[in-house]
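*Asks:* Structure of the sequence below:
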Amino acid sequence: MGKTRNGQVKLPGRFEELVRLMPPRAITDDVHLDDTAEMIDRLMAIPRLTKGQALYLETLTQLVEVYESEHHAIDTGGVTGLDSLKYLLEQNQMSGTDLARLLGVHASMGSKILKGERRLTTDHLRKLADRFHVEPSLFL
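*Replies:* From the prediction side, this is the model:
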């Protein structure tokens, strides 16, 4: 098997071969979490995943999500949908104008949404969820 630029062994392309390398199983502690996260990082660094790699990545991601929701849950009780939207826009260097463009509305509407003067429609929620790869309910 070849090596990557940083000297690591290249990951196999087939799901079965990846399973032999690191069998996916329920994560039981933070050490296993770190090992799984490292494998996820290696997979995410691959420019074009094979179907097997994509399936394996999805499997590992789901295992991490379950463990983190049970052991490292973040209290989001005080976070509003508007807070989430503002955070995602900031992380993606997007402005109110960019938001308006994304939603297909007049430029001033983006700023009104961010000020809480206008509500998001169902169509807006779908567009935001697609753009940021999150559940639409995040913005409610």
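*Asks:* Okay, now the unreliable bits of this structure?
*Replies:* The model of the chain has pLDDT under 70 over residues 1-8, 73-76.
*Asks:* tell me how far the top helix by length along the chain is from the chain's mean position?
*Replies:* Identified as the longest helix of the chain according to DSSP state H is helix 51-71. How far helix 51-71 lies from its chain's middle: 11 Å, per C-alpha atoms, centre = their mean, to the nearest Å.
*Asks:* Could you look up the next helix or strand downstream of that helix?
*Replies:* Next along the chain after helix 51-71, taking DSSP states H and E as the criterion, comes helix 81-91.
*Asks:* From the contact counts, what lies against that following helix?
*Replies:* Applying 3 or more C-beta pairs under 8 Å, 6 or more residues apart in numbering; DSSP states H and E, we find helix 81-91 packed against helix 96-103, helix 107-115, helix 122-132. (C-beta placed from N, C-alpha, C; glycine too.)
*Asks:* Looking at the ones you listed, spot the one closest to residue 13.
*Replies:* helix 122-132 (28.2 Å; C-beta to C-beta).
*Asks:* Which strands and helices lie in contact with the closest one?
*Replies:* Against helix 122-132 (3+ C-beta pairs under 8 Å, 6+ apart) you get helix 81-91, helix 96-103.
*Asks:* What residues of the longest one count as buried?
*Replies:* Along helix 81-91, the positions that meet the burial threshold by neighbour count (16 or more other C-beta atoms under 10 Å) are 81-82, 84-86, 88-89.
*Asks:* can those residues go into a markdown table with extra columns for distance to residue 45?
*Replies:* Output for those, formatted as a markdown table (distance: C-beta to C-beta, whole Å):
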| residue | distance to residue 45 |
| --- | --- |
| 81 | 32 |
| 82 | 34 |
| 84 | 27 |
| 85 | 29 |
| 86 | 30 |
| 88 | 23 |
| 89 | 26 |
